[in-house]
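Participant: Using only what follows, build the 3D model:
(chains A and B)
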There are 2 protein chains.
Amino acid sequence: MFEGPLQDLIDELSRLPGVGPKSAQRIAFHLLNVDPDDITRLQDALGAVRDGVRFCRICCNISRDEVCRICNDSGRDRGLICVVEEPKDIQVIERTGEFRGRYHVLGGALDPLANVGPRELTISTLLQRIGGVLDDRELADSTPDTPLLDDKPQIHEVILATDPNTEGEATASYLARLLQDFPDLVVSRLASGMPLGGDLEFVDELTLSRALSGRLPL
Amino acid sequence: MFEGPLQDLIDELSRLPGVGPKSAQRIAFHLLNVDPDDITRLQDALGAVRDGVRFCRICCNISRDEVCRICNDSGRDRGLICVVEEPKDIQVIERTGEFRGRYHVLGGALDPLANVGPRELTISTLLQRIGGVLDDRELADSTPDTPLLDDKPQIHEVILATDPNTEGEATASYLARLLQDFPDLVVSRLASGMPLGGDLEFVDELTLSRALSGRLPL
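Facilitator: From the prediction side, this is the model:
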């Protein structure tokens, strides 16, 4: 144990995810020797995040402006929405270079045990984007701002790209049920199956049974 | 890449040692969801470290007060000094529970390639503690405050516990040469040899040759 401010800093750093006492100590000693301006910049960055990060009024992604970079991109198909759980999921899909539509960030997945219901997610915003009438008894908008609907595009497909785990699958099923009321809307789900570069021997039973039932004719 | 304050925070966090882009992203998203007070506390801890950490006027260890906890401990042998490179080395030695003297923190090791000479370390403070006359042409005090020498104890032994690497060994040799001028002072060095619990097969040649030359009669 050290004394005074350094130990306080080590204690605070240790509370961050993935930072143990040893890493916290290493970071704290590093900060003892850096330019004070570097620490001030880190403080300011923390303050900016604490004082509020903006969310895109269309897709609920983290954004610098009212509408995020992706929603502002006129080269993208505005009628195609990929629904993801978290902003970081967008990065992963963007890296494939295969998707040229817009996104919708739910802000999580349905998880009744953790008290995350439809109201905690941005499902009502999604329905408004597609053009569904909001049943306020069932859902309430969890985002403070109403979405920008001035130049409402016709949505033709919604891809459900929630995580392939219990909560993600439940969320996808829930959304699929809600969205089946829209007659001309195609609702799809990311394919499940064998990961490329994998080995049949090491694939778990659940994934393999999904791959079997979802087999494609060649 | 995210937009706005969140990306700024990820960038700043990525500059910390041991924190890669993935960890920085994880920490930043974690901070999005924590109590704002937690972020404020982290900011304050950073500010306190930036605005100056105090060093003990006797041993140059990090301290809350003018004299650190260890130097204030009257149960310790004030005539025995263990010289270490960094404050964190004190923790390691304290954990052994074997050492009941005081410490002296050099603030690093001699490293001419990195422009760390005797003036950059607290060697002159160490000499003052032992009672040596300071030759100002050779050394200048690198610590801003003069050490507390009111109740000057008679130092009988100095243990050189610098790291067993090139810089640490060079520093130990340099200090041993300086300290040989004190007639009644015992200067010792931590033993080198096989780590306990190790395996002879995996010990490197240098360590093994040290262990051989330093063999003890049973």
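
Participant: Which residue ranges of chain A form strands?
Facilitator: A:54-55, A:62-63, A:77-84, A:101-105, A:157-160, A:186-189 (DSSP state E).

Participant: what about residue A:202, how many neighbours?
Facilitator: As a burial measure, residue A:202 scores 7 neighbours (other Cβ atoms under 10 Å in any protein chain shown). All C-beta atoms are positioned from the backbone trio N, CA, C, and that covers glycine.

Participant: pretty sure residue A:88 contacts residue B:25?
Facilitator: Yes. In this structure, residue A:88 is within contact of residue B:25 by Cβ atoms under 8 Å, at 6.5 Å.

Participant: how about the nearest residue to residue A:190, chain neighbours excluded?
Facilitator: Nearest non-adjacent residue to residue A:190, counting by Cβ to Cβ, 6 or more residues apart in numbering or on different chains: residue A:161, 5.1 Å away.

Participant: Distance check, that neighbour against chain B.
Facilitator: Distance of residue A:161 to chain B, given as Cβ to the nearest Cβ, to the nearest Å: 18 Å.

Participant: Surely that residue touches residue A:89?
Facilitator: Yes. Between residue A:161 and residue A:89 there is a contact under Cβ under 8 Å: 6.8 Å.

Participant: between those two, who's got more neighbours?
Facilitator: residue A:161 (23 against 19).

Participant: which residues of chain A score low on pLDDT?
Facilitator: In the predicted model, chain A carries pLDDT under 70 at residues A:132-152.

Participant: Give me the residue at the spatial middle of it.
Facilitator: In chain A, the centroid-proximal residue (Cα atoms, centre = their mean) is residue A:86; its distance is 1.1 Å.

Participant: Name whatever forms a beta bridge with the residue nearest to that residue when sequence neighbours are not counted.
Facilitator: Nearest-residue entry for residue A:86: residue A:105, 6.8 Å, with adjacent residues in sequence omitted and distances by Cβ to Cβ, 6+ apart. On the basis of DSSP bridges, residue A:105 is bridged to residue A:84.

Participant: What is the neighbour count of residue A:105?
Facilitator: Other residues near residue A:105 number 25, with proximity taken as other Cβ under 10 Å.

Participant: still on that earlier bit, residue A:10: which of the strands of chain A is closest?
Facilitator: For the strands of chain A, proximity to residue A:10 was assessed by Cβ to Cβ; strand A:62-63 is nearest, at 29.5 Å.

Participant: Outside of that closest one itself, list whatever touches it.
Facilitator: If you take Cβ atoms under 8 Å, 6 or more residues apart in numbering or on different chains as the criterion, strand A:62-63 is touched by A:53, A:54, A:55, A:56, A:68, A:69, A:87, B:2, B:3, B:4, B:6.

Participant: With distance to residue A:120 as extra columns, can I get those residues in JSON lines?
Facilitator: Formatted as JSON lines, these follow (distance: Cβ to Cβ, whole Å):
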{"residue": "A:53", "distance to residue A:120": "17"}
{"residue": "A:54", "distance to residue A:120": "19"}
{"residue": "A:55", "distance to residue A:120": "14"}
{"residue": "A:56", "distance to residue A:120": "18"}
{"residue": "A:68", "distance to residue A:120": "21"}
{"residue": "A:69", "distance to residue A:120": "26"}
{"residue": "A:87", "distance to residue A:120": "16"}
{"residue": "B:2", "distance to residue A:120": "22"}
{"residue": "B:3", "distance to residue A:120": "23"}
{"residue": "B:4", "distance to residue A:120": "23"}
{"residue": "B:6", "distance to residue A:120": "20"}
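
Participant: Among these, which one lies nearest to residue A:182?
Facilitator: Proximity of the contacts of strand A:62-63 to residue A:182 (Cβ to Cβ) peaks at residue A:56, which lies at 22.5 Å.

Participant: Can you flag which of the contacts of strand A:62-63 belong to helices?
Facilitator: Within those, residues falling in helices by DSSP state H are A:69, A:87, B:4, B:6.

Participant: most surrounded residue in those residues?
Facilitator: Among the ones in helices among the contacts of strand A:62-63, residue A:87 has the most neighbours (other Cβ under 10 Å), with 25 neighbours.

Participant: and that one, what does it touch?
Facilitator: Residues near residue A:87 by Cβ under 8 Å, 6+ apart: A:61, A:62, A:105, B:2, B:29.

Participant: Nearest to residue A:35 among these?
Facilitator: Proximity of these to residue A:35 (Cβ to Cβ) peaks at residue B:2, which lies at 25.4 Å.

Participant: can you give me the helices for chain A?
Facilitator: Along chain A, the segments classed as helices by DSSP H run A:4-14, A:21-33, A:36-50, A:69-72, A:87-96, A:123-130, A:166-179, A:205-213.

Participant: who touches the first one?
Facilitator: When contacts are taken as Cβ under 8 Å, 6+ apart, the neighbours of helix A:4-14 outside the stretch itself are A:1-2, A:19-21, A:23-25, A:27-29, A:31-32, B:41-42, B:45-46, B:48-49, B:53-54, B:62-64.

Participant: residues of stretch A:42-62 that come out buried?
Facilitator: For stretch A:42-62, burial by neighbour count (16 or more other Cβ atoms under 10 Å in any protein chain shown) applies to A:42-43, A:45-46, A:49-50, A:53-62.

Participant: sorry, back to before: neighbour-wise, which of residue A:88 and residue B:25 wins?
Facilitator: Ranked by neighbour count (other Cβ under 10 Å), residue A:88 and residue B:25 place residue B:25 first, with 20 against 16.

Participant: Go ahead and confirm the more buried one touches residue A:86.
Facilitator: No. Under the criterion of Cβ under 8 Å, residue B:25 makes no contact with residue A:86, lying 10.7 Å away.

Participant: What about residue A:168, how many residues nearby?
Facilitator: Residue A:168 is flanked by 21 other residues according to other Cβ under 10 Å.

Participant: contacting residues around it?
Facilitator: A:85, A:109, A:162.
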